[in-house]
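Visitor: Following is a predicted model, sequence given first.
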Amino acid sequence: MSGNHRELGDLLRSRRERLTPADVGLPPGIRRRTRGLRREEVAALAAISPTYYAFLEQGRDLNPSRQVLDALATALRLSAAERGHLHELAYGAPPAEPAEEVLVPGVAELVDRLDPAPAYVTGRRWDVLAANRAACLLWTDWWALPPADRNMVWWMLTAPAARDVFVEWEREASAQLARFRAAAARHRDDPSFAELVDRLRAASPEMREWWPRHDVAPLSSGSKLLHHPVLGELRLRHVVLTVADAPEQKLVTFHPESVDLPRIAALVDR
């Protein structure tokens with residue numbers, strides 16, 4: 001048994017013991033003698049076998065994948081620093097930080113030229129990378145938000161304004177979360193996804209209710225019914241396009257009904 005394996009086991013055990021069932025959405029049960037969570041509860045949350053998890057806590061000479069480590073970090077509600085330390089104990093170094101997303105040159109200019117038709121670009125984690133004036137007027141002023149909150153899923157699930165903007169908010173929000181989950185599965189080794197999921201769980205009752213359903217959905221075009229305090233209800237058709245030089249970046253364009261386009265244009269030109 002190496003020192004690192006033993007220390008990794010100690011870290012897992014200490015973090016398991018500091019959690020309560022309520023912290024992870026589990027019932028308290030009766031006759032609970034274990035301090036914190038039970039080993040099998042952590043294993044279930046991380047989707048690994050109870051025996052394998054027990055061996056990890058015991059400091060056995062195992063080689064858990066980074067995916068397993070991230071699943072355990074999420075299950076045990078580890079901070080970013082603790083998650084990195086867990087990887088260091090197992091591999092000698094934390095996983096490489098995902099490269100900062102840079103908008104492909106020319107895309108921001110294209111988005112602006114689409115005014116008064118709303119348009120925006122999202123990145124791999126659904127962070128808003130670009131948005132034209134029409135999109136800011138109909139949704140929210142993205143650039144007035146803190147950088148960490150410029151995320152389409154975060155805004156949809158936590159901003160009261162989102163419930164006013166989308167007439168069919170619950171349907172839109174649950175569908176968007178299902179699409180985000182599909183993206184998160186493609187980036188299992190990206191800790192920023194797990195951090196966003198943890199933030200959403202803490203802030204959104206709907207996230208806590210819907211995320212355990214494991215609903216997934218592909219990106220698709222369609223229509224949305226929006227409400228604006230000045231323009232009233234607007235029916236917009238949208239198309240999702242992939243940016244060729246950065247496939248994780250998506251350009252979403254909206255096409256109002258012909259009668260609504262001049263009204264949006266007048267609002268944009270104010």
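Guide: Now that the structure is in, tell me what you want to look at.
Visitor: Retrieve the pLDDT associated with Arg83.
Guide: Looking at Arg83, its pLDDT is 85.
Visitor: again with Leu19
Guide: 90.
Visitor: again with Pro262
Guide: pLDDT, read off for Pro262, is 81.
Visitor: which other helices and strands contact whichever helix or strand it is part of?
Guide: Element membership for Pro262, per DSSP states H and E: helix 261-268. Helix 261-268 sits against helix 133-138, with contacts defined as 3 or more C-beta pairs under 8 Å, 6 or more residues apart in numbering; DSSP states H and E. Placement of C-beta: from N, CA and C, glycine included.
Visitor: all strands of this structure, in order?
Guide: Per DSSP state E, the chain carries strands over the ranges 119-122, 128-131, 222-228, 232-243, 246-256.
Visitor: Ok, which of those strands comes nearest Pro64?
Guide: Among those, strand 246-256 comes nearest to Pro64, with 26.8 Å by C-beta to C-beta.
Visitor: can you state the direction angle for that closest one and strand 232-243?
Guide: Strand 246-256 runs at 150 degrees relative to strand 232-243, counting by axes from the mean of the first three to the mean of the last three C-alpha atoms, to 10 degrees.
Visitor: Strand 246-256 pairs with which strands?
Guide: strand 119-122 (antiparallel), strand 232-243 (antiparallel) (DSSP bridges).
Visitor: Pick the most buried one from the ones you listed.
Guide: Of all the strands paired with strand 246-256, strand 119-122 has the most neighbours on average by mean count of other C-beta atoms under 10 Å, namely a mean of 24.
Visitor: Give me the contact list for that one.
Guide: By C-beta atoms under 8 Å, 6 or more residues apart in numbering, the residues outside strand 119-122 that reach it are 103, 107-108, 111, 128-132, 134-135, 139, 142, 152, 243, 249-254.
Visitor: Stretch 252-267 too?
Guide: By C-beta under 8 Å, 6+ apart, the list of residues contacting stretch 252-267 reads 114, 116-122, 134-135, 137-138, 224, 228, 230-231, 234-241.
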